[in-house]
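> sequence? don't have it. structure:
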Ligand SMILES: [Zn+2]
Ligand SMILES: [Zn+2]
C-alpha cells in the first residue's frame, strides 16, 4: 500500500525489498491494522516522506533471516515500531519508549518498481505482503493467535493498555473518561475496565460509537457537545473524573479532557497531534486545578516485555480484542479502510493476507 504524496490516491504497488542483511529478518505479513497515524501521514497532519509504504501495526511469520540473527524461520511475531536500543540513557533508565536510537524512519529502504527509493511508515511499512526489518523490531508471540487480533497488539492495544496501566496507573474504584473512540480509545476503555475503574465514561462526536463503547467496557456514553462537562460532573459527584484520556490528538480535545478532570486529577494525552495545533490553558487554572497533564508514548511501555504478556492474555482469553476488529479486508481493498477510518466508521479495519 503505497502513498506517492500527501493527499495522493493510495495504491497497491509492486515494490522491491532488499534481502535481509546482518541482524535483519524478512517477515511475511499475515494481518495489518489501519491506524489513525497512517491516515495522518497520508493527509498531511504528520510529516512524511514519499513514496511511502503505509502500515505499522502487524503480525506475521519470520520467513528469512540475515547473518547473526537468533530467531528462527517460522517464528510468529508482532512488529514493533519503536524498537529500543537498550544502551542509551533512556533505555538504561527503563524508559524504552523514549529510546534515543530507535530505527530512523527517515532512511529509505527498498524501491518502487520504477526505481524510486521507498520510505516506510515508522520504519516498518507493514501494509504489505512482507517487510525487511531489524531483528529488534520483531517480538515473538505464541502460535495460533487470531492474526487480525494479534496485529493490534503492536500499536492500538499496547498503546491503550499501557496508557492505563503504565502512564496513568488507574486503580480500582477510580473514575475515567475516554475522549475519542477509535481503536486506541476503545482499547483504553477495556483496559480501564480491567483495571477496576468503576465509572468509565466514553466520549465521542459520533453517536454511532455508542454500542462499540459499551461493548468495550464503558459504563456510560456521552456525546461531545456543549453539555459534556455538565454530564460528566453529574456522574462524578460534581468533581470530574480522576483520569481523562485524550485519544484524538487535537488541541480542542485535549482542552475538553482537561475540563472533564477533577482537581488533582490527571489528563493523559494518547493521541498524536499536529505540531502547530496549540493548546491554551489558563495560568491560574493550571495552578488552581492542580491537574497533571502528560503524554503516553507507545503506552509508556517496553514492547519486548509487554507484548508477550498481552499475547499470553489473548491466548488465555483474558484479553478479548474481538470488539476492536470491525472487519477484515484483503490488501487490494485497503484504500477502502482508509476511507472508513477518515469517516470515523467502526473501530479497527484489519487487512489480512493468506
Ligand atoms: Zn498506530
Ligand atoms: Zn535506547
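Done, it's in. Nothing here was measured: the structure is a model prediction, and the numbers come from that model. Ligands and ions are numbered 1, 2, ... in the order given.
> what does the chain have sitting close to ligand 2?
84, 85, 88, 91, 99, 101 (CB under 5 Å from the ion). (Each C-beta comes from the backbone N, C-alpha and C, glycine too.)
> 8 Å - rerun?
Counting by CB under 8 Å from the ion, the residues of the chain close to ligand 2 are 84-92, 96, 98-102.
> just the buried residues of these.
84, 88, 90, 91, 96, 98, 99, 102 (16 or more other CB atoms under 10 Å).
> redo those residues as CSV? Include secondary structure and pLDDT.
As requested, these are arranged in CSV below (DSSP: H, G, I helix; E, B strand; the rest coil; pLDDT from 0 to 100):
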residue, secondary structure, pLDDT
84, coil, 92
88, coil, 95
90, helix, 96
91, helix, 96
96, helix, 94
98, helix, 95
99, coil, 93
102, coil, 72
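> identify the farthest-apart pair in the residues of the chain next to ligand 2.
92 and 102 (14.7 Å; CB to CB).
> mind listing what's buried in the longest helix along the chain?
Using DSSP state H to define each element, the chain has its longest helix at helix 303-316. Residues of helix 303-316 classed as buried: 303, 304, 306, 307, 308, 310, 311, 313, 314 (neighbour count, 16+ other CB under 10 Å).
> measure the last one to ligand 2 for me?
This means residue 314. Distance, residue 314 to ligand 2, using CB to the ion, to the nearest Å: 27 Å.
> which phi and psi does the nearest residue to residue 239 once chain neighbours are set aside have?
Using CB to CB, 6 or more residues apart in numbering and skipping residues adjacent in sequence, the residue nearest residue 239 is residue 262, 4.1 Å away. Backbone torsions for residue 262, taken as degrees, to the nearest 10, come to phi -70, psi 170.
> repeat for the one 3 residues further on
Taking degrees, to the nearest 10, you get phi -80, psi -180 for the backbone angles of residue 265.
> what's the burial count for it?
23 (other CB atoms under 10 Å).
> spatially nearest residue to it, not counting backbone neighbours?
Using CB to CB, 6+ apart, the closest residue to residue 265 is residue 242 (5.1 Å).
> could you do residue 14 as well?
Closest residue in space to residue 14, ignoring its immediate chain neighbours: residue 113 at 4.8 Å, by CB to CB, 6+ apart.
> that neighbour and residue 208, how far apart?
39 Å (CB to CB, to the nearest Å).
> more neighbours: the two, which one.
Taking other CB under 10 Å, residue 113 and residue 208 do not tie; residue 208 has more neighbours (13 against 9).
> tell me the SS of the more buried one?
helix (DSSP: H, G, I helix; E, B strand; the rest coil).
> which ones are touching it?
344, 345 (CB atoms under 8 Å, 6 or more residues apart in numbering).
> and with 10 Å instead?
181, 343, 344, 345, 346 (CB atoms under 10 Å, 6 or more residues apart in numbering).
> tell me the confidence at the second one?
In other words, residue 343. Looking at residue 343, its pLDDT reads 90.
> touching, it and residue 349? I think so.
No. Contact status for residue 343 versus residue 349: not in contact, 11.3 Å apart, counting by CB atoms under 10 Å.
> neighbour count for these two, which is higher?
Ranked by neighbour count (other CB under 10 Å), residue 343 and residue 349 place residue 349 first, with 24 against 10.
> for the nearest residue to the more buried one once chain neighbours are set aside, give its distance to residue 1.
Once flanking residues are discounted, residue 349 sits nearest to residue 337: 3.7 Å by CB to CB, 6+ apart. Distance from residue 337 to residue 1, counting by CB to CB: 9 Å.
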